[in-house]
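**Student:** with the input below, show me the fold.
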Amino acid sequence: MVSLNDEKTILPSSATVAPRSPDEPTKISWFSRQRKSLTIFLGLFLILQYFIAGPPAGLASLDRLKGHDSPRKSSCEQAEPIYPASFDVSALVDGQKDRIITWLSDAVKIPTEIFDVMGEIGEDPRWEVFYKFADYLEKAFPRVHEHLTRTRVVTHALIFEWQGSDPSLKPLLLTGHQDVVPVLNATRGLWTHDPFGGEYDGELIWGRGASDDKSGVIGVLSAIELLLESGKFNPTRTVILAFGIDEETGGKVGAYHLGQWIEEKYGKDSISILVDEGNGLQEVFGQLFAAPAVGEKGYMDLELRVETLGGHSSVPPPHTGIGYISLLIAALERHPHEPHLNVESPLVNMIACAADSAPSVPPKLRKAIRKVEDSLAAKKGKVDEKALKEIEDWYITGSYEDGSLGKGMGKALVSTTQAVDIINGGLKVNALPESVTAIVNHRINIASSVTELQERLVDVLGPVASKLNLELEAFGKKVQYQGCHTDEAPKGPKAGKVILDVAWNSSLEPAPVSPFTVDSAAWRLLSGTVKGVYNTRPEAQLNSEEAKKEIIMAPSISTGNTDTKRYWNLTRNIYRFAYQQGKSNGFNNVHTVDEHIPAAVFVEQVRWFLNFIVNVDESREV
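**Tutor:** Take a look at the predicted model:
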């Protein structure tokens, strides 16, 4: 870009032009004689180019500075609101608030706790509570059980099918989980209300699962019960509900078999859209966003084991197995995974959405995303790496400093994380431990992979093991040290062995990223329904200022994992989303003391399900 303040860049330097003698005859060049004609020709050429191809990048930037409309197409183009055409679906919740609250409240009273280690169904009595929950659903939602086909999968996981009249249309799949994380006896005294009391205090519904995820299960069942009661809706597109029983421990039993059952009956890529629990509504930078997770990080639990010779502790070696594993763990924590944000990430698009709509976006962040977008729109389409790094830096530190995200959350979104959560070793105070094990939980960046993680673990731990004179076996292969590692290693017999393996067969690649622009019919349906429901919320009906407000759709990712990992074969259009606005205290205290949900929020979630089911049914684009 030419600086208008730097005349040396646009005017010839007097130091390089010799003065002309007064007696010297003036020579008029052809260029000088034709200057006026050329100027007119060039001006016409530029005007034509402007209207045919649009303004050059520099002029486009100037237009933006002057407040003119920019020809740059936003990467966060918004869908139009969608309202059901057949009837006023939202009216079905009128006068139903108390009933909807009771449906969820009574569901919370049933303690469907799931634990990390569960025995087989039929052998472990802790599974029996799911019989009670299924009986409750049958009593609470009689029309659902009369008109939909219910199938038990592995006894307690439930499939409901609402058969549509047109089998050529791909079904809609709505999923959730019946199970909840346990309530520790030691924490029961910390709860304001009984964790399984399902109490409603006039504003909030309290209890474990009130938000995660009985609000999802009961929300969709409430919507279908109300649709059936109305007699106004008969689906043309089949609606499938799938409710797992062990999402909180990885969905290894429930969702795993539900996914297989659906695929065997309907086939691969047979589902139009899948919506499961996930991110909700949140105000950031002075703007309310709906941020469905369009992807999930990968997962791997590392089993780090050190095996050494035992012996009497009165004659100890320099390091016991516990000492060795401590040094290895310390090496891991000294080398956290480097953050990396790739330009294809939905997290980049999220910032573009904020820059387009939110008034309080930091100017530096807004400028960075504009540079990224403009660089991609340029002829060569090569990303501005410096600007992309500024966005990455905002996630790492800026998002916490400006209060947008909680401490560590932004960095976790753009990094592979590691957490040493379990360690076991030693049986007797006077006996050297022969086997010591640590379990390290990893959530893998969507820009990375299981293989890349495993290779990095070898790179970090290999030199340490070599220096300690320990053999290394990593993921079934013996690692041979080379180069400087062998120079540092002590000579003589090995002191022991380090074994790296995947614990509990837990590895999972990052999820495929679902479509998240208006080019996708699925995203338009999801977005349009969100906008339609928001535009018709009770506050907007009563207050003109509220009616002017807009909700912005922006894609995000999930740092954790949901049951959707068992459904990848069924559709590309997987969205982890709950039409809920959480408070600042950890999204309604899920997974901790005093979990709750505002009753008004839950009623709106039911209204969203009502609208979404009908909107998808009326669409012929998915």
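
**Student:** what's near enough to touch the residue nearest the centre of the chain?
**Tutor:** Centrality entry for the chain: nearest residue to the mean C-alpha point is Ile557, 1.7 Å, by C-alpha atoms, centre = their mean. By C-beta atoms under 8 Å, 6 or more residues apart in numbering, the residues touching Ile557 are Ala293, Val294, Gly295, Glu296, Lys297, Ser345, Pro346, Leu347, Leu413, Ile446. Where you see a C-beta, it was placed from the backbone N, CA and C, and this is true even at glycine.

**Student:** secondary structure element for the second one?
**Tutor:** Which is Val294. strand 293-296 (DSSP states H and E).

**Student:** now for the helix or strand just after that strand, which elements pack on it?
**Tutor:** Per DSSP H and E, the first helix or strand lying C-terminal to strand 293-296 is strand 298-308. Secondary-structure packing of strand 298-308 (3 or more C-beta pairs under 8 Å, 6 or more residues apart in numbering; DSSP states H and E): helix 321-334, strand 435-444, helix 450-467, strand 496-502.

**Student:** what angle separates strand 298-308 from strand 496-502?
**Tutor:** 160 degrees (axes from the mean of the first three to the mean of the last three C-alpha atoms, to 10 degrees).

**Student:** enumerate the positions of strand 298-308 that are buried.
**Tutor:** Gly298, Tyr299, Met300, Asp301, Leu302, Glu303, Leu304, Arg305, Val306, Glu307, Thr308 (16 or more other C-beta atoms under 10 Å).

**Student:** and of those, the nearest to Lys380?
**Tutor:** Relative to Lys380, the closest of the buried residues of strand 298-308 is Gly298; by C-beta to C-beta it sits at 31.8 Å.

**Student:** check contacts around the nearest residue to Asn589 once chain neighbours are set aside.
**Tutor:** The shortest distance from Asn589 to any non-neighbouring residue, by C-beta to C-beta, 6 or more residues apart in numbering, is to Glu595 (4.6 Å). Taking C-beta under 8 Å, 6+ apart, we find Glu595 in contact with Pro195, Trp206, Gly207, Arg208, Gly209, Ala210, Ser211, Asp212, Asn588, Asn589.

**Student:** domain-wise, how is the chain divided?
**Tutor:** In terms of domains, the chain is parsed into 96-278+559-618, 298-337+416-505, 346-414 (source: the TED database).

**Student:** next, the distance between the ends of the last one.
**Tutor:** Between the opening and closing residues of domain 346-414 lies a distance of 11 Å (C-alpha to C-alpha, to the nearest Å).

**Student:** and that domain, what's its mean pLDDT?
**Tutor:** Averaged across domain 346-414, the pLDDT comes to 95.

**Student:** and after the worst-scoring helix or strand of the chain on mean pLDDT, which helix or strand comes next?
**Tutor:** Lowest by mean pLDDT, DSSP states H and E among the helices and strands of the chain is helix 57-65, with a mean of 32. Sequence order places helix 97-108 as the next helix or strand after helix 57-65, per DSSP H and E.

**Student:** what number of residues are in the vicinity of the residue lying closest to Pro362 once chain neighbours are set aside?
**Tutor:** Leaving aside its chain neighbours, Pro362 sits nearest to Asp402 (6.3 Å; criterion: C-beta to C-beta, 6+ apart). Neighbours of Asp402 under the rule other C-beta atoms under 10 Å: 15.

**Student:** Asp402 against Lys364, yeah?
**Tutor:** No. In this structure, Asp402 is not within contact of Lys364 by C-beta atoms under 8 Å, at 10.6 Å.

**Student:** now do the same contact list for Ile499.
**Tutor:** By C-beta under 8 Å, 6+ apart, the contact set of Ile499 is Glu303, Leu304, Arg305, Val306, Glu307, Glu473, Ala474.

**Student:** start to end distance for stretch 279-299?
**Tutor:** Stretch 279-299 has an end-to-end distance of 19 Å (C-alpha to C-alpha).

**Student:** next: stretch 149-168.
**Tutor:** End-to-end distance of stretch 149-168 (C-alpha to C-alpha): 19 Å.

**Student:** what comes up buried for it?
**Tutor:** Val153, Val154, Thr155, His156, Ala157, Leu158, Ile159, Phe160, Glu161, Trp162, Gly164.

**Student:** now swap in stretch 345-359 and tell me
**Tutor:** Buried-residue list, stretch 345-359, by 16+ other C-beta under 10 Å: 345-358.

**Student:** ok, now which ones touch Val348?
**Tutor:** Val348 neighbours (C-beta under 8 Å, 6+ apart): Leu341, Ile369, Val372, Leu388, Ile391.

**Student:** that one in helix, strand or coil?
**Tutor:** Following DSSP: H, G, I helix; E, B strand; the rest coil, the label given to Val348 is helix.

**Student:** also Ile557?
**Tutor:** strand.

**Student:** surely Lys478 is in contact with Glu471?
**Tutor:** Yes. With contacts counted by C-beta under 8 Å, Lys478 reaches Glu471, the gap being 7.3 Å.

**Student:** ok, those two, which is more surrounded?
**Tutor:** Shown here are Lys478 and Glu471; by other C-beta under 10 Å, Glu471 has more neighbours (16 against 9).

**Student:** residue ranges in the stretch 51-200 of the chain under the pLDDT threshold?
**Tutor:** 51-73 (pLDDT under 70).
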